[in-house]
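> Generate coordinates for the sequence data below:
(one chain, ligands or ions: 2)
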Amino acid sequence: MSKRLRIVVQGASGRMGRAVLELLRDHPQLELAAAMVGEASASLGRPLGADWPSHSFRADWLALEDADLVIDFSGPAGFDTAVSQAERLRAALVTGTTGLDAVAQALLDRAAQTIPVFHAANFSLGVAILGRLLAQAARSLADWDLEIVEAHHRRKEDAPSGTALALGQQAAHARGVKLEEVAVYAREGRCGPRTDGEIGFAVVRGGGIVGEHQAMLIGPAERIELAHRADDRSIFARGAVTAAEWLALQAPGRYGMDELIADRGG
Ligand SMILES: NC(=O)C1=CN([C@@H]2O[C@H](COP(=O)(O)OP(=O)(O)OC[C@H]3O[C@@H](n4cnc5c(N)ncnc54)[C@H](OP(=O)(O)O)[C@@H]3O)[C@@H](O)[C@H]2O)C=CC1
Ligand SMILES: O=C(O)C1=N[C@H](C(=O)O)C[C@H](O)C1
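Numbers count the residues shown, from 1 in each chain. Ligands and ions are numbered 1, 2, ... in the order given. Reported below is the predicted structural model:
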């Protein structure tokens, strides 16, 4: 039997961190190496719970010497540490943190020279397929208006969601344009009529909505709506853990859902 892979979870006390811990609890191939939070976390030093008698939430990365993978869901606050510590440990890095700017993307590119790096704004297989359908529709209906609407829980900090932006990127790429040149993130007051080629974004925040994305392609007298609704964030955790198992077998480089799906014949 092969050795179990040792996983460090960054952002372990958060909604996604806990969902990942839940999957690691009885996992046959993966084991928890450490559950990390920030230095100022209210959870620092607290035990993980009865299922993890030998683990507490910790922030002492330099005490870690042995890990195969880092899974990061800490948001921008813990992202840089996840990247630099994965590099130091020579561990593969899976990150689902969204709201990454160009500097953060450059950090991932740098890390990918020495370790395998997997980033996805959304680890759901359904969303990956939604992106492909949207690209096809946006290409075929290049003169139809495209609007992307997303809805999330009231505690989400970034907007539009990483997924909405990734969908916009896929559609823009399919149309041969740059998203930054066609994206419209706000309409208010006398903002004038819609211009041709715009990709508009709208954001809903409230309650406990797990994650919903809808792309509307609007023609002269008809409309296509492509939508995905996540009912439980365990789907994202499962996707991240699947990505981790796959990534552990890859060479240093940048990977995402497309590479994972392609490698599995999709
Ligand atoms: N790719 C995907 O499929 C998905 C991506 N996400 C993304 O994942 C990220 C996290 O989301 P979510 O779990 O809802 O957020 P939470 O706010 O629930 O969790 C964030 C976690 O990060 C911890 N944290 C904060 N600062 C640091 C730090 N400096 N070092 C280490 N840990 C830190 C927090 O600890 P504490 O609060 O204890 O200080 C908390 O445990 C977001 O960017 C979100 O958009 C979310 C869902 C799916
Ligand atoms: O913060 C969340 O919750 C989610 N974030 C991701 C995003 O920004 O796209 C993925 C998912 O929709 C849930």
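
> what residue ranges in this protein score low on pLDDT?
For the chain, the stretches with pLDDT under 70 are 1.

> Contacts made by the longest helix along it with the rest, please.
Taking DSSP state H as the criterion, the chain has its longest helix at helix 125-140. Identification of contacts with helix 125-140 by Cβ atoms under 8 Å, 6 or more residues apart in numbering yields 122, 146, 163, 166-167, 170-175, 213, 215, 217, 224, 226-228, 230, 235, 239, 257-258, 261. For the C-beta atoms, the positions are set from N, CA and C on the backbone; glycine is no exception.

> Among these, which lie within helices?
Short answer: those in helices (DSSP H) are 163, 166-167, 170-174, 235, 239, 257-258, 261.

> which two from the residues you listed end up farthest apart in space?
Within the ones in helices among the contacts of helix 125-140, 172 and 235 form the most distant pair, 26.0 Å apart (Cβ to Cβ).

> For residue 148, identify the helix or strand it belongs to.
Secondary structure assigned from DSSP states H and E places residue 148 in strand 145-152.

> Show me what that strand is packed against.
Counting contacts by 3 or more Cβ pairs under 8 Å, 6 or more residues apart in numbering; DSSP states H and E, strand 145-152 is packed against helix 162-174, strand 199-205, strand 211-218.

> Just list the residues touching the residue in the chain that ligand 1 sits nearest to, thanks.
Residue of the chain nearest ligand 1, by Cβ to the nearest ligand atom: residue 14 (1.9 Å). Residue 14 makes contacts with 73-75, as judged by Cβ under 8 Å, 6+ apart.

> Please convert the buried members of the contacts of helix 125-140 into PyMOL selection syntax.
With 16 or more other Cβ atoms under 10 Å as the criterion, this PyMOL line picks the buried residues out of the contacts of helix 125-140:
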select buried, resi 122+146+163+166+167+170+171+172+174+175+213+215+217+224+226+228+230+235+239+257
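
> In space, what's closest to residue 75 - neighbours in sequence excluded?
In this structure, residue 75 finds its nearest non-sequential neighbour in residue 97, 5.6 Å apart by Cβ to Cβ, 6 or more residues apart in numbering.
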